[in-house]
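# The following block contains a protein sequence and its predicted model.
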Amino acid sequence: AQSVAQPEDQVNVAEGNPLTVKCTYSVSGNPYLFWYVQYPNRGLQFLLKYITGDNLVKGSYGFEAEFNKSQTSFHLKKPSALVSDSALYFCAVRDMRGNDMRFGAGTRLTVKP
Amino acid sequence: DSGVTQTPKHLITATGQRVTLRCSPRSGDLSVYWYQQSLDQGLQFLIQYYNGEERAKGNILERFSAQQFPDLHSELNLSSLELGDSALYFCASSVVTSGGSYNEQFFGPGTRLTVL
């Protein structure tokens, strides 16, 4: 079965600095990969996805993610962090045959002014 | 606003009781997913329905059941509740194309269940 790992429980960055939230995945065949963000007391919001094609995917709020097949990674990035980016970030994977999406444990991003 | 609605927002009940959580998907979405989010287990997939039929099952306990009605709304029934069932329960919906789905899911605001 497919799975994802988010190796960092917490990431702290200063406002204006670049940020990276890491994700690695395990799946049979080609993956469908997703990033979601969760603000306090809210549901998850879709940020971006990788299906096929260009390894660099651009999403909402200036976020992007890079798919690396050899390293089975799909790291989330942003060139310049904002305090308002502070939230819980989830990576998720689905294989081409399966119907359930597997989520990572989440990474709490804190951006300090 | 994702377009997915869930009721109630909060639910407080006692051990051994039964509750029903309700979800209305986005207009046009045929697929509904249920998730449980707790501090120690993270976000766990419970079950998926597509156009009224069960499509996939995850870590759903036998005490839990779900269904999707002809109008596509879904209900998650939790019975013989235990303290450990206290969690946030999310519903999500998506468009599902044939041959599997690469479409993102849209999440509702969740129902916070507290079992005392």
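On my side now, so go ahead.
# how much space is there between B:Arg22 and chain A?
15 Å (C-beta to the nearest C-beta, to the nearest Å). In short, each C-beta sits where N, CA and C put it, glycine included.
# can you list the residues of chain B near chain A?
B:2, B:4, B:33, B:35, B:42-43, B:45, B:48, B:50, B:55-56, B:58, B:90, B:92, B:96, B:100-102, B:104-110 (C-beta under 8 Å from any C-beta of the partner chain).
# In ChimeraX, how would I select just the buried ones from the residues you listed?
With 16 or more other C-beta atoms under 10 Å in any protein chain shown as the burial test, the buried ones among the residues of chain B next to chain A are selected in ChimeraX as follows:
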select /B:2,4,33,35,43,45,48,50,55,56,58,90,92,96,101,102,104,105,106,107,108,109,110
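# mind listing the strands in the chain by residue range?
Since you didn't name a chain, this refers to chain A. With strands called from DSSP state E, chain A shows them at A:3-5, A:10-14, A:19-21, A:24-26, A:31-38, A:44-50, A:56-58, A:64-68, A:73-78, A:87-95, A:102-103, A:107-112.
# Actually, chain B is the one I wanted.
B:5-7, B:10-13, B:19-24, B:31-38, B:42-50, B:53-57, B:64-68, B:74-78, B:87-94, B:106-107, B:111-115.
# Low-confidence stretches in chain A?
Applying pLDDT under 70 to chain A flags the ranges A:97-99.
# can you check chain B too?
B:97-101.
# Spatially central residue for it, please.
Closest residue to the average C-alpha location of chain B: B:Trp34 at 2.7 Å, with C-alpha atoms, centre = their mean.
# does B:Phe106 really touch B:Cys91, like I thought?
No - with contact defined as C-beta atoms under 8 Å, B:Phe106 does not reach B:Cys91; the gap is 9.6 Å.
# what do these two both touch?
Common contact partners of B:Phe106 and B:Cys91 (C-beta atoms under 8 Å, 6 or more residues apart in numbering or on different chains): B:Val4.
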